[in-house]
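> Here is my input; please provide its structure:
(one chain, ligands or ions: 1)
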Amino acid sequence: LNRVQQLPKGFVWGAATAAYQTEGSTKVAGKGKTMWDDYLVAQGRFLPDPASDFYNRYEEDIRLSAEHGLNAIRVSIAWTRIFPNGDDAEPLAEGVKHYHELFACCKKYGVEPYVSLHHFDSPAALFNQGDWLNRKTVDAYVRYAEFCFREFREVKNWFTINELISLSHSQYIQGNFPPNHHFDVTSGIQSQHNELVAHARAVNLYKDLDETEHLGGRIGMVNVLTPAYPATDSPADQHAADLYNAFYTDFIMDGAFLGHYSARTLSLINEILRANNATLTVEDSDMEELAKAAPRNDMFGLNYYQSAFIAAYDGESTNSFNGTGDKGTSCFKFKGVGQQVDMPGIPTTDWDWLIYPQGLYDTLKHISATYPNLPVIYITENGLGHKDPEPDANGIVADPERIDFVDQHMEKVLQARAEGVDVQGYFIWSLQDQFSWANGYNKRYGLFYIDFDTQKRYIKQSALWYKELADTMADAQ
Ligand code: BG6
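Numbers count the residues shown, from 1 in each chain. Next up is the predicted model:
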């Protein structure tokens, strides 16, 4: 099973979490509502409380991390614990104190925090006014970012926004995140652009502040890349894959790391906009902000889960993919872009996501060849959502599928590294089992199993394997 025999010296070997998916305690200490709170109650399927109770149990999880060889953890700050409405005049002291304590705990155990400012959890008050489609959210976000940069000086690794594309896609194309719009292409592209502007403004702010206030850390963004391959070698399918890649990858990568949208990307995006009677509005100062920020990113956080195989499609957009793992991927049809097709022979997860490690390698090679300004890369999420068995008599959870998944993907990371792609770390998604936005609690990703009735933590075999690998790194030093 083990392809990966040894980790390179100094490699960041971590696990990822997000505030809303782990913390619970959504109604304590003055915390404001996020865009999910009322939505989840209305849906009545799953609730975010107590999630993994990380708000109260973080020390146990960080201790477990250290004991299993992790030297880093991704966490996010819940904006609504600091500014309950997103743009309040004064921060909430208890929220600020909470995150200082969390970061102190990381330090105590030698687990370096990589901190996102936004992980799918916009304040409800701003969401109700249009979320990222409203420039007011961008302004409020930058103010919140400035507060955090100055306040949490112990944080040396910042990420601006998690997975800009997933947020736009899930909110306005697939429609499985609030506000549940389906194929609202104008909002889908506009929110990508506005989030990029927010990202760029935060990077520029951090770098400017660093010059005068010596913050001494690094900043970058996290995005998920899902490379599209043509379903056949026909020119039509090839073009569909190009369109898909433009909408789902190139637009954001260009904006963040070129500082402008390339002529090729713009031409493909315009073709999609025309097919959907959609528009994109760019304000004068936006492109200046993007151009200034592009070379100032210190890191790129790449999330990778799956690849997509795309055939040409000109019919009406439809998506009957319900994410519960019984439909295949072939129900996603995006007018003027393409349709996803099932690929017999490529294994899938319990939720029908293609398991395709080659896609990670191809993506790493592609972005490093395409973006000369690309900073160092961290794999900030990669992992297997799986229906894990319950703990055995010894309290251990058998998850050989997850070990195999990480092993196969890490092999591709190390291969790309050997060929000169500067990947300096890997964070498994996720540290402990946690709330999955559209799938609730039975889609488990963690190194540590959580009994969601008792909140007791159990060790998975993957955590033991993680430690074994971490030990090979220590030995090599
Ligand atoms: C990424 C997110 O999109 O993938 C995580 O950053 C998310 O927040 C993860 O949980 C896995 O997705 P899902 O839908 O399986 O929970």
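> Now do the SS call for D254.
helix (DSSP: H, G, I helix; E, B strand; the rest coil).
> who touches it in this structure?
260-262, 265 (CB atoms under 8 Å, 6 or more residues apart in numbering). Any C-beta I mention is one placed from the backbone N, CA and C, and that applies to glycine too.
> For R264, see how far away it is.
9 Å (CB to CB, to the nearest Å).
> Low-confidence ranges, the stretch 251-400 of the chain, go.
321-328, 330 (pLDDT under 70).
> Contact residues of it facing the ligand?
Within the stretch 251-400 of the chain, the residues that sit near the ligand (CB under 6 Å from any ligand atom) are 303, 381, 385.
> okay, the closest residue to A18 other than its chain neighbours: pLDDT?
Counting by CB to CB, 6 or more residues apart in numbering, H119 is the residue found nearest to A18 once chain neighbours are left out, at 4.0 Å. We have a pLDDT of 98 for H119.
> Leaving out sequence neighbours, find the closest residue to Q5.
Distances taken as CB to CB, 6+ apart place T472 nearest to Q5, at 6.9 Å, with adjacent residues excluded.
> List the residues that contact N157.
N157 neighbours (CB under 8 Å, 6+ apart): 112-115, 217-218, 299.
> same question, T17
52, 54, 73-76, 430-432, 434.
> So which bits of stretch 13-30 are buried?
With burial defined by 16 or more other CB atoms under 10 Å, the residues of stretch 13-30 counted as buried are 13-26.
> before we move on, back to that, among the residues of the stretch 251-400 of the chain next to the ligand, which one sits closest to the ligand?
In terms of CB to the nearest ligand atom, no member of those lies closer to the ligand than G385, at 4.4 Å.
> Now for that closest one: which residues touch it?
Taking CB under 8 Å, 6+ apart, one finds 349-351, 353, 436, 439, 443-445 in contact with G385.
> now the contacts of T17 in JSON lines, with neighbour count, distance to A308 and secondary structure?
Shown next, in JSON lines, are those (neighbours: other CB atoms under 10 Å; distance: CB to CB, whole Å; DSSP: H, G, I helix; E, B strand; the rest coil):
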{"residue": "S52", "neighbour count": "27", "distance to A308": "30", "secondary structure": "coil"}
{"residue": "F54", "neighbour count": "27", "distance to A308": "32", "secondary structure": "helix"}
{"residue": "I73", "neighbour count": "24", "distance to A308": "30", "secondary structure": "strand"}
{"residue": "R74", "neighbour count": "28", "distance to A308": "25", "secondary structure": "strand"}
{"residue": "V75", "neighbour count": "27", "distance to A308": "29", "secondary structure": "strand"}
{"residue": "S76", "neighbour count": "25", "distance to A308": "26", "secondary structure": "strand"}
{"residue": "S430", "neighbour count": "24", "distance to A308": "22", "secondary structure": "coil"}
{"residue": "L431", "neighbour count": "30", "distance to A308": "27", "secondary structure": "coil"}
{"residue": "Q432", "neighbour count": "28", "distance to A308": "29", "secondary structure": "strand"}
{"residue": "Q434", "neighbour count": "26", "distance to A308": "25", "secondary structure": "coil"}
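> Please list which of those are also close to the ligand.
Counting by CB under 6 Å from any ligand atom, no member of those is near the ligand.
> Just put those residues in a markdown table and tack on pLDDT.
Converted to a markdown table, the contacts of T17 look like this (pLDDT from 0 to 100):
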| residue | pLDDT |
| --- | --- |
| S52 | 98 |
| F54 | 98 |
| I73 | 98 |
| R74 | 98 |
| V75 | 98 |
| S76 | 98 |
| S430 | 98 |
| L431 | 98 |
| Q432 | 98 |
| Q434 | 97 |
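> can the residues you listed go into JSON lines with extra columns for distance to K460?
As requested, the contacts of T17 are arranged in JSON lines below (distance: CB to CB, whole Å):
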{"residue": "S52", "distance to K460": "14"}
{"residue": "F54", "distance to K460": "17"}
{"residue": "I73", "distance to K460": "17"}
{"residue": "R74", "distance to K460": "18"}
{"residue": "V75", "distance to K460": "20"}
{"residue": "S76", "distance to K460": "23"}
{"residue": "S430", "distance to K460": "11"}
{"residue": "L431", "distance to K460": "11"}
{"residue": "Q432", "distance to K460": "10"}
{"residue": "Q434", "distance to K460": "14"}
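> Out of the contacts of N157, the closest to the ligand would be?
Nearest to the ligand among those, with distances taken as CB to the nearest ligand atom, is Y114, at 13.0 Å.
> The closest one belongs to a strand?
Yes - assigned with three-state DSSP, Y114 falls within a strand.
> on that earlier part again, filter the contacts of N157 to the buried ones?
By 16+ other CB under 10 Å, the contacts of N157 give 112-115, 217-218, 299 as buried.
> quick one, phi psi at whichever residue of the chain sits closest to the ligand?
Distances between the chain and the ligand by CB to the nearest ligand atom are smallest at S436, namely 3.2 Å. Note on S436: backbone dihedrals following degrees, to the nearest 10 are phi -100, psi 120.
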